[in-house]
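1. turn this into a model:
(one chain, ligands or ions: 2)
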Amino acid sequence: MSKTVFVTGGAGFIGSNFIFHMMDKYPAYRIVCLDKLTYAGNLSTLASVLKKENFRFVKIDICDREGIYQLFEEEKPDVVVNFAAESHVDRSIEDPEVFLKTNILGTQILMDACRKFGNIRFHQVSTDEVYGDLPLDRPDLLFTEETPIHTSSPYSAAKASADLMVQAYHRTFGLPVTISRCSNNYGPYHFPEKLIPLMIANALNDKPLPVYGEGLNVRDWLYVEDHCKAIDLILHKGRIGEVYNIGGHNEMRNIDIVRLICKALDKPESLITYVADRKGHDMRYAIDPTKIHNELGWLPETRFEEGIQKTIQWYLDNREWWETIISGEYQNYYKNMYENR
Ligand code: NAD
Ligand code: TDX
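-> Ligands and ions are numbered 1, 2, ... in the order given. As a prediction, the model looks like this:
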């Protein structure tokens, strides 16, 4: 069986890893990557697949309705997987508007195209952040698919709005949709504005490691490949109209992650600098993945100890990739976000 799969946001962190996974596992599929190449998108990430016959890259904004319709008409996709989004919470606090445009309107335009060109299967890549946060002193509490939406940041509010639109398009128009809500990912090609790659890059450059607040916030970390495998399963076996939580029961405090990175790179903990907290900072995320395990047999395969070592090694082996990024416009972002913080 051959299929054409649209992967939006495929030049970013998770989307690119998903493209590599799919091209490896389903050589008969045609993969079309749709990406605007914002600051977070990087065509060099896709270098190893760019010339493959069953791959096409299209530079396009998912908010460009005409362009999107044209591409659907031309390629006639069977499946659309939507990774395209503004994804950084701190940026959403500085300037929310583009988050509403891309994350909500962009999703709606893609779904309109799915309706217009034959009720095409649509998968929305969402996040655990739509559930808000959990208290530190209730380790028994986890996010299930039934947990009410209760967002904190403009980023998570925009992602939650998109989820509601996806569910509305299913109920109102019968669009065949699924939604996945995953916990924090880490791994290769993670943009160095996010905690783990930022700390690795700074540590390697002997720069201060800026920990927000007291560093006690907890995130539930999953190796990116495990997320990609879960989406693959949902696409092939998931029940239409359903939400699936994805996470690996791997809760860690930010400060412990940063200390672990120092240790792995043989850098002194004196690099750690406590800076002003993020506004509205979510305390703890923790996913209950029982549903995807019971229904689809998914389990995380990479233990954190192994995944973080692989990730650190990847950043050591691919210095050019992230050094190119942090030498450009990123410098202004970093100054704005961290200077005098
Ligand atoms: P990323 O920021 O690394 O990549 C986003 C990609 O989308 C970039 O390539 C960017 O160029 C592209 N893009 C942005 N706006 C676009 C637009 N208007 N049109 C077309 N392309 C556009 O993000 P990521 O970390 O890979 O996250 C991917 C998806 O997964 C997002 O939807 C995010 O909400 C979700 N998610 C991320 C995590 C995580 O830990 N990173 C966890 C759960 C869910
Ligand atoms: O410099 C930093 N210092 C710091 O203490 C940065 C960048 C982050 N942090 C803290 C804030 C968070 O508690 O580390 C934690 C992780 O921060 P991020 O890497 O920005 O991730 P988070 O805010 O948890 O959101 C991520 O997971 C869910 C992704 O960026 C989202 O796209 C995804 O939906």
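2. which strand or helix spans Q108?
-> helix 107-116 (DSSP states H and E).
3. just give me the residue right at the centre of this protein.
-> Residue closest to the average C-alpha location in the chain (CA atoms, centre = their mean): I14, at 5.2 Å.
4. look up how far F72 lies from it.
-> Distance, I14 to F72, by CB to CB, to the nearest Å: 23 Å. From N, CA and C alone the C-beta is placed, and that goes for glycine too.
5. next: I109.
-> I109 sits at a distance of 11 Å from F72 (criterion: CB to CB).
6. repeat for S2
-> From S2 to F72 the distance is 18 Å (CB to CB).
7. more neighbours: the two, which one.
-> F72 (20 against 10; other CB atoms under 10 Å).
8. isn't Y155 up against E94?
-> No - with contact taken as CB atoms under 8 Å, Y155 and E94 are classed as non-touching, separated by 10.9 Å.
9. so those two - more neighbours on which side?
-> Neighbours of Y155 and E94, each counted by other CB under 10 Å, are more numerous for Y155; the result is 23 against 12.
10. please name the residues that touch the closest residue in space to the more buried one that isn't next to it in sequence.
-> With sequence-adjacent residues excluded and distances taken as CB to CB, 6 or more residues apart in numbering, Y155 is closest to S92, at 3.7 Å. Neighbouring residues of S92 by CB atoms under 8 Å, 6 or more residues apart in numbering: E86, F99, S153, P154, Y155, A158.
11. which two among those residues are spaced furthest apart?
-> By the measure CB to CB, E86 and S153 form the most distant pair in the contacts of S92, at 11.3 Å.
12. got the phi and psi for A157?
-> Here the main-chain torsion angles of A157 (degrees, to the nearest 10) amount to phi -60, psi -40.
13. contacting residues for it?
-> Contacts for A157 (CB under 8 Å, 6+ apart) come out as T151.
14. could you check the pLDDT of it?
-> You'll see A157 listed with a pLDDT of 98.
15. any stretches of the stretch 101-250 of the chain with poor pLDDT?
-> Within the stretch 101-250 of the chain, the set of residues satisfying pLDDT under 70 is empty.
16. just to revisit the earlier point, now the residue nearest to Y155: how far from ligand 2?
-> Taken as CB to the nearest ligand atom, to the nearest Å, the spacing of S92 relative to ligand 2 amounts to 10 Å.
17. which SS state does that residue fall under?
-> Three-state call for S92 (DSSP: H, G, I helix; E, B strand; the rest coil): helix.
18. now do it, the pLDDT please.
-> What the model reports as pLDDT for S92 is 98.
19. and M1, by the same measure?
-> The per-residue pLDDT reported for M1 equals 58.
20. please apply the same query to G328.
-> In this model, G328 is scored at 88, pLDDT.
21. how about R341?
-> R341 carries a pLDDT score of 88 in this model.
22. what does this structure have sitting close to ligand 2?
-> Among all residues of the chain, those adjacent to ligand 2 (criterion: CB under 6 Å from any ligand atom) are 87-89, 127, 129, 184, 194-195, 198, 210-212, 217, 219, 254, 278.
23. among the residues you listed, name the buried ones.
-> 87-89, 127, 129, 184, 194-195, 198, 210-212, 217, 219, 254 (16 or more other CB atoms under 10 Å).
24. and ligand 1, which of the residues you listed contact it?
-> Near ligand 1, taking CB under 6 Å from any ligand atom as the test, the members of those found are S87, T127, N184.
25. which one of the residues you listed is nearest H249?
-> Nearest member of these to H249, counting by CB to CB, is N184, at 12.8 Å.
26. contact partners for that closest one?
-> Neighbouring residues of N184 by CB under 8 Å, 6+ apart: D128, R219, D220, W221, L222, Y285.
27. now the residues you listed in a markdown table, with distance to T311 and secondary structure?
-> What follows is the contacts of N184, written out as a markdown table (distance: CB to CB, whole Å; DSSP: H, G, I helix; E, B strand; the rest coil):
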| residue | distance to T311 | secondary structure |
| --- | --- | --- |
| D128 | 20 | helix |
| R219 | 14 | strand |
| D220 | 16 | strand |
| W221 | 10 | strand |
| L222 | 12 | strand |
| Y285 | 19 | coil |
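28. and which of these is nearest W298?
-> Distance from W298 was checked for each of the contacts of N184 by CB to CB. The minimum falls on L222, at 11.1 Å.
29. wouldn't the closest one be in contact with H249 here?
-> No - L222 sits out of contact with H249 when judged by CB under 8 Å, with a separation of 9.5 Å.
30. residue boundaries of the strands in this structure?
-> Counting by DSSP state E, the chain has strands at residues 4-8, 30-35, 55-59, 79-82, 121-127, 177-182, 184-186, 209-212, 218-223, 243-246, 251-253, 272-275.
31. quick one: strands adjacent to the last one?
-> If you go by DSSP bridges, strand 272-275 pairs up with strand 209-212 (parallel).
32. so what touches the partner strand?
-> For strand 209-212, the surrounding residues in contact (CB under 8 Å, 6+ apart) are 199, 202-203, 254-255, 258, 261-262, 271-278, 281, 338, 341.
33. tell me the contacts of F173?
-> By CB under 8 Å, 6+ apart, the contact list for F173 reads R115.
34. quick check: residues of this structure near ligand 1?
-> On the criterion CB under 6 Å from any ligand atom, ligand 1 has as its neighbours in the chain the residues 8-9, 11-15, 35-38, 40-41, 61-63, 83-87, 102, 106, 125, 127, 159, 182, 184-185, 191.
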